[in-house]
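A.B. asks: structure for the following, please:
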Amino acid sequence: MDRDALPVVRLGHVADDSVAANLYVVVEHGVRHRPELAASMQASVVIRFVEGYAPVRLDFRGEEVVVGDDPDGADRAHDLEIVGRMGDVTALIAAPLTGGLPKPTTRTGRAALARLADGRVEFNGPLALGRRLLRLLAIDDVAAKLPKERRGQRRAEVN
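C.D. replies: Model (predicted):
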């Protein structure tokens, strides 16, 4: 796939007290850095937060990704459901990965794996799809792959 032909990421329905826009930013980042992975995904994922936020649906349609609230808790079919607290789901996204799962050789990876092992985050559906989704949403590995001089430039721009 040509890097100029990124899948289009759209923000769908957004309800009051929604976190869909937050996830939209993470998905858009993943699509920009891993367009081939995003384009190859043909699935619907629902993320349910135990804090009471509206469930967020990620519809991967090849050349288009739609991120939005699952309207009125609609019981539409989905391929994967992720259930957990916002902080626990975020820990999985932020953890360094190996093979699509948090890396057990790092402190943050072990902490993220513990969230899966003790049930704070549940994946209901194909594990392979969950691993692909984590690879797409991962934010840690993008910064790690930047050349050292660019990482220094990014820090300087932030400060």
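A.B. asks: which residues in this structure form strands?
C.D. replies: Using DSSP state E, the strands of the chain run over residues 8-11, 42-49, 56-61, 64-69, 80-84, 97-98, 101-102, 121-124.
A.B. asks: turn those into a markdown table, columns for mean pLDDT and distance to residue 30.
C.D. replies: Where you see a C-beta, it was placed from the backbone N, CA and C, and this is true even at glycine. Listed next are the strands of the chain as a markdown table, based on pLDDT from 0 to 100; distance: least, C-beta to C-beta, whole Å:
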| stretch | mean pLDDT | distance to residue 30 |
| --- | --- | --- |
| strand 8-11 | 96 | 9 |
| strand 42-49 | 95 | 12 |
| strand 56-61 | 96 | 10 |
| strand 64-69 | 96 | 9 |
| strand 80-84 | 97 | 15 |
| strand 97-98 | 92 | 12 |
| strand 101-102 | 93 | 16 |
| strand 121-124 | 97 | 17 |
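A.B. asks: out of the ones you listed, the one nearest residue 139 is which?
C.D. replies: Residue 139 lies closest to strand 97-98 among those, at 10.4 Å (C-beta to C-beta).
A.B. asks: next one: that closest one to chain centre, how far?
C.D. replies: Strand 97-98 sits 14 Å away from the centroid of its parent chain (C-alpha atoms, centre = their mean, to the nearest Å).
A.B. asks: reformat the strands of the chain as TSV; add distance to residue 31 and mean neighbour count.
C.D. replies: Listed next are these as TSV, based on distance: least, C-beta to C-beta, whole Å; neighbours: other C-beta atoms under 10 Å:
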stretch	distance to residue 31	mean neighbour count
strand 8-11	5	16
strand 42-49	14	19
strand 56-61	10	23
strand 64-69	6	21
strand 80-84	18	20
strand 97-98	17	16
strand 101-102	21	22
strand 121-124	21	17
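A.B. asks: now the ones you listed as TSV including distance to residue 28?
C.D. replies: Shown next, in TSV, are the strands of the chain (distance: least, C-beta to C-beta, whole Å):
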stretch	distance to residue 28
strand 8-11	5
strand 42-49	15
strand 56-61	11
strand 64-69	8
strand 80-84	18
strand 97-98	19
strand 101-102	22
strand 121-124	22
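A.B. asks: for residue 18, which of those is the nearest?
C.D. replies: That would be, of these and by C-beta to C-beta, strand 64-69, which comes in at 5.3 Å.
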